[in-house]
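Q: Next input, structure requested:
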Amino acid sequence: MRLHEDWRNTECLNMIASENFASPDARKMLTTDFCNRYTATDKFYRGSKYTDEVQALAEEVARKVFNARFADVRPLSGHIADMAVLQGLTRRGDKILSVGLDDGGYQGFSQMSLGRLFGLKDLYFPYDKDAVNIDTKDTVRLIAAEKPQLVIFGSSFIPFPHPVKEITSQVDNAVCIYDASHVMGLIAGGEFQDPLREGCSLLMGSTHKTFPGPQGGIILSNNEEIFKKVTADLYPMIVDNIHWNRVASLALTLMELLQFGKSYAQAVIKNSQALGKALAENEVIVRGRSNGYSKSHQLLLGYDKKKSEFIAKRLEESNIIIDNLCRMGTNEVTRMGMGPSEMEQIAELMGLVIHGKKPADVVKKRVKSLIKDFKTPRYVLRSAAEGSAKA
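A: Next comes the predicted model:
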């Protein structure tokens, strides 16, 4: 553990789009006595009065943050939330429409995973690879022809808001939902898009990507009927014990987003756009240039799979951490207080590695120097930062 923490937290530039850094107080919640306790919806286990209060608090704050009538914090992950959705809203043989794997869609909905488990037929959005987004006109035609029971917006590759309103306004034969696993924190800050007011009946996803909390999941809705269908079977079919230390940590993170979510989301997007521009200036190929590179936390490099894996490996050797598809995120570095000037430095370092202009040892030293003043998360409650919180 110590080797990992020393390396990732004091020597590495963490740019993985699906990770973040929880505040000190949120982390402390994970090691409290809540981690040992058990409870159940039917009240079989006694001694749960405070865990019940924690759940109620988390869901109350979640409703405020997302301006939703209903919230459920029991899913242990975004994947579990997706499982609850498919269990509640589909039957074997139904068609579901989502972003295809080749376009960065989540494999959990595919025949590799939940699609096969629930016996569903997978359809995929027509996709504009140049715009890095869903093709609206062709999607509307596809929905009219195929009549899927469920339309799932959201993706693992999502540099730009999906055309939710443009599509849902022309669809009347399907339930439209939004898997916001990657952009949940940006939606919480009101700076990406607003699926619950753009025609989606449900918003669900992870709580540890742009949402800077513990690993877990959440389900939100303004549609009582749909919400009840999805959450009715969560216990005991999908989730038994919901891990109360996680829920306590989630509640605190939600309170942070209630106060600082907007400024955090704005800073993330500003950093993404600055990083995209600076990478291009360093002759690194970045997708989505015509749209300003990004309106989320994500930057997608424009190399094939083999080249991307090579780049990711070279960057890791220099203590710059991204994934093998060369998707990178500004969410964690923004959380730690970096701004556009640091994005320019990051782009320069990445350019040096990608183009083989400097050896790994030289870049490692520069990475360590860059991150030395960014060790404490920002956008946190004042008590969590011992009086030094700032947005």
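Q: so for the helix ranked longest in the chain, what's the average pLDDT?
A: Secondary structure assigned by DSSP state H gives helix 244-281 as the longest helix of the chain. The average pLDDT for helix 244-281 rounds to 98.
Q: So which elements touch the helix or strand that it is followed by?
A: Heading C-terminal from helix 244-281, the first helix or strand you meet, by DSSP states H and E, is strand 298-300. The helices and strands touching strand 298-300, judged by 3 or more Cβ pairs under 8 Å, 6 or more residues apart in numbering; DSSP states H and E, are helix 244-281, strand 327-329. Just so you know, the C-beta spots here come from the backbone N, C-alpha and C atoms, and that holds for glycine as well.
Q: among those, which is the most enclosed?
A: Looking across the helices and strands packed on strand 298-300 with neighbours counted as mean count of other Cβ atoms under 10 Å, the highest average goes to strand 327-329: a mean of 28.
Q: circling back to that earlier point, could you dump the helices and strands packed on strand 298-300 to TSV with distance to residue 338?
A: Shown next, in TSV, are those (distance: least, Cβ to Cβ, whole Å):
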stretch	distance to residue 338
helix 244-281	7
strand 327-329	12
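Q: Compare those and give me the one nearest residue 62.
A: Ranking those by proximity to residue 62 (Cβ to Cβ) places helix 244-281 first, at 5.5 Å.
Q: and that closest one, what other elements does it pack with?
A: Packed against helix 244-281 by the contact rule (3+ Cβ pairs under 8 Å, 6+ apart) you find helix 24-29, helix 49-66, helix 184-188, strand 298-300, helix 331-335, helix 340-354.
Q: Adding mean neighbour count, write those out as JSON lines.
A: As requested, those are exported to JSON lines (neighbours: other Cβ atoms under 10 Å):
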{"stretch": "helix 24-29", "mean neighbour count": "19"}
{"stretch": "helix 49-66", "mean neighbour count": "18"}
{"stretch": "helix 184-188", "mean neighbour count": "29"}
{"stretch": "strand 298-300", "mean neighbour count": "28"}
{"stretch": "helix 331-335", "mean neighbour count": "28"}
{"stretch": "helix 340-354", "mean neighbour count": "20"}
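Q: Of all these, which one comes closest to residue 79?
A: Comparing the helices and strands packed on helix 244-281 under Cβ to Cβ, the one sitting nearest is helix 184-188, at 13.9 Å.
Q: The closest one packs against which elements?
A: Using 3+ Cβ pairs under 8 Å, 6+ apart, helix 184-188 sits against helix 49-66, strand 202-206, helix 244-281.
Q: how about those, which one is nearest residue 90?
A: Evaluated over the helices and strands packed on helix 184-188, closeness to residue 90 peaks at strand 202-206, with 12.6 Å, by Cβ to Cβ.
Q: can I assume residue 152 sits in a helix?
A: No: with DSSP: H, G, I helix; E, B strand; the rest coil as the criterion, residue 152 is located in strand rather than a helix.
Q: Which helix or which strand is home to residue 368?
A: helix 360-371.
Q: Just the CA coordinates for that helix, please, in PDB.
A: Provided in PDB are the C-alpha atoms of helix 360-371 (Å, rounded to 0.1, in the frame of the first residue of the first chain):
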ATOM      1  CA  ALA A 360      11.900   8.900 -19.100                       C
ATOM      2  CA  ASP A 361      14.200   9.900 -16.200                       C
ATOM      3  CA  VAL A 362      14.300  13.500 -17.300                       C
ATOM      4  CA  VAL A 363      10.500  13.700 -17.700                       C
ATOM      5  CA  LYS A 364      10.000  12.000 -14.300                       C
ATOM      6  CA  LYS A 365      11.900  14.700 -12.600                       C
ATOM      7  CA  ARG A 366       9.900  17.400 -14.300                       C
ATOM      8  CA  VAL A 367       6.600  15.600 -13.400                       C
ATOM      9  CA  LYS A 368       7.600  15.400  -9.700                       C
ATOM     10  CA  SER A 369       8.500  19.100  -9.700                       C
ATOM     11  CA  LEU A 370       5.200  20.000 -11.400                       C
ATOM     12  CA  ILE A 371       3.000  18.100  -8.900                       C
END
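Q: what about it, distance to the chain center?
A: Relative to its chain's centre, helix 360-371 lies at 28 Å (Cα atoms, centre = their mean, to the nearest Å).
Q: Go through that helix and flag the buried ones.
A: 360, 363, 364, 366, 367, 370, 371 (16 or more other Cβ atoms under 10 Å).
Q: Look up how far residue 288 lies from the fourth one.
A: Applying Cβ to Cβ, to the nearest Å, one obtains 27 Å for the distance of residue 366 from residue 288.
Q: same thing with the last one?
A: Distance check for residue 371 against residue 288: by Cβ to Cβ, it reads 26 Å.
Q: again, but for the fifth one
A: The span separating residue 367 from residue 288 equals 26 Å under the rule Cβ to Cβ.
Q: do the third one as well
A: From residue 364 across to residue 288, the span is 29 Å (Cβ to Cβ).
Q: where's residue 87, which helix or strand?
A: Going by DSSP H and E, residue 87 is in helix 78-89.
Q: got the residue ranges for the helices in the stretch 101-250 of the chain?
A: Under the criterion DSSP state H, counting those that start in this stretch, the stretch 101-250 of the chain carries helices at the ranges 114-117, 136-146, 164-168, 184-188, 224-231, 244-281.
Q: If anything else comes up later, I'll come back, but that's it for now.
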